[in-house]
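In: structure for the following, please:
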Amino acid sequence: MPARHDDLRDFLRDERDCILVEVTGAVGSTPRDTDAWMLVSKNRSFSTIGGGQLEYMAIDQARRALRHSQPIATMSIPLGPDIGQCCGGRVGLSFSAVTRELADELILLTDAEIARRPHVYIFGAGHVGDALAASLSLAPLRTVLIDTREDELAASKASGIETCLTAMPEAIVRHAPAGSAFVILTHDHALDFLIAAEALRRDDAAYVGMIGSKTKRATFKKWLLREVARPDLLDRLVCPIGGTAIKDKRPTVIATLAAAEITVAALSFVAAAKTGGPALKASR
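Out: Numbers count the residues shown, from 1 in each chain. Reported below is the predicted structural model:
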C-alpha cells in the first residue's frame, strides 16, 4: 500500500531506533529501482524494496546492526539461484541509522511525493463509485470521492481517500490540476453529461470516463451536439469504463477493471510529462 503522511509519521514516532535501507544500484532485472527504500526496526518494517529473499536479507542485516549497535557496509547482491531469487540482475543496498535529521528528510520526501500524485475525481458515491474509490486507494494516486448526497458519502466504505460534498460537482472539474482523471458515475444521467462535457473540454485531462452502455454513449453524443455543439469531444471519452472484454456488471468487477485503466492513464500522463513526450489519452 502506498505510504501516507500519517503512516510514516506514526512509524517514526513509535520506532525511535530504525535503519533506512536504500536501493543504491539496480543493474539488469531487479524488483525495484533506485528510488526504493524501506525502514526497519527491531520488530517492524515500513515500505518495501521489492520483497523476496533480497528484502529478507536486508531486514536481517538491519536488525543485526540494531541489536549490536554496529554500522553496516553497503551490500551488492546478485539476484540468482544462490538466494532463490532469479531476477538475474544485481541490487546495491545502503544502510543508515535514522537520526532526527534523516527522519525529517524522509517526511519531506514522502510529503513531496504524495503532493505530486495524480488526482482522480470520482463523481458518484454509489455502489460502483465506492468500490472504485476502495480499489484506487491502493494506488499511488490522490483519490477524491464526490457526491451531492451527504448520506451516500457518509456510507462510503473506502478508506485512505478524500470525500467532497458539493451541490455543483462540475465546478470541481474546472479547478482540478492538470493531469487529473475524471470518472463519472452519478445517480443522474443529466448530471453525468454535464460533468463529462466539462471534463472533456480540458485538453490536459489524463482520463475522462463515464459509466454506461453503447446506448448511453450514443445519447451523450446527441446531447453534446445539441447542448455544446461539440460532438468531437466524444472521441476522448471512455464509456463504458472498465472495457467490454468481461461481461460482468457487478460493482466490484466494474470497479476493479476501471481502476486498472485509470491508474495506467494517470501514471502514463505523469511519465509523459516528465519526459516531455505526448500525454497518453485513453479512448473507446
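
In: His189: neighbour count?
Out: Residues lying near His189 (other C-beta atoms under 10 Å) number 14. Bear in mind the C-beta positions are built from the backbone N, C-alpha and C, glycine included.

In: go on, Arg226?
Out: Neighbour count for Arg226, taken as other C-beta under 10 Å: 9.

In: pLDDT score for it?
Out: If you check Arg226, the pLDDT there is 90.

In: how is it assigned, secondary-structure-wise?
Out: When classified by DSSP: H, G, I helix; E, B strand; the rest coil, Arg226 comes out as helix.

In: can you tell me how far it is from Phe193?
Out: Using C-beta to C-beta, to the nearest Å, we find Arg226 at a distance of 10 Å from Phe193.

In: what's the weakest-modelled helix or strand in this protein?
Out: Lowest on mean pLDDT, DSSP states H and E among the helices and strands of the chain sits strand 75-78, with a mean of 84.

In: can you name the element that comes right after that strand?
Out: Using DSSP states H and E, the helix or strand that follows strand 75-78 in sequence is strand 90-97.

In: for that next one, which strands pair with it and how are they oriented?
Out: Its sheet considered, strand 90-97 pairs with strand 19-27 (antiparallel), strand 75-78 (antiparallel) by DSSP bridges.

In: ranges for the helices of the stretch 151-284 of the chain?
Out: Applying DSSP state H, counting those that start in this stretch to the stretch 151-284 of the chain gives helices spanning 169-175, 189-200, 214-223, 251-275.

In: can you mark which positions in the longest one are buried?
Out: By 16 or more other C-beta atoms under 10 Å, the buried positions in helix 251-275 come out as 251, 254-259, 261-263, 265-269, 273.

In: follow-up on the earlier one: closest to Arg64 out of the strands paired with strand 90-97?
Out: Evaluated with C-beta to C-beta, the strands paired with strand 90-97 place strand 19-27 nearest to Arg64, the distance being 9.8 Å.

In: lovely, talk soon.
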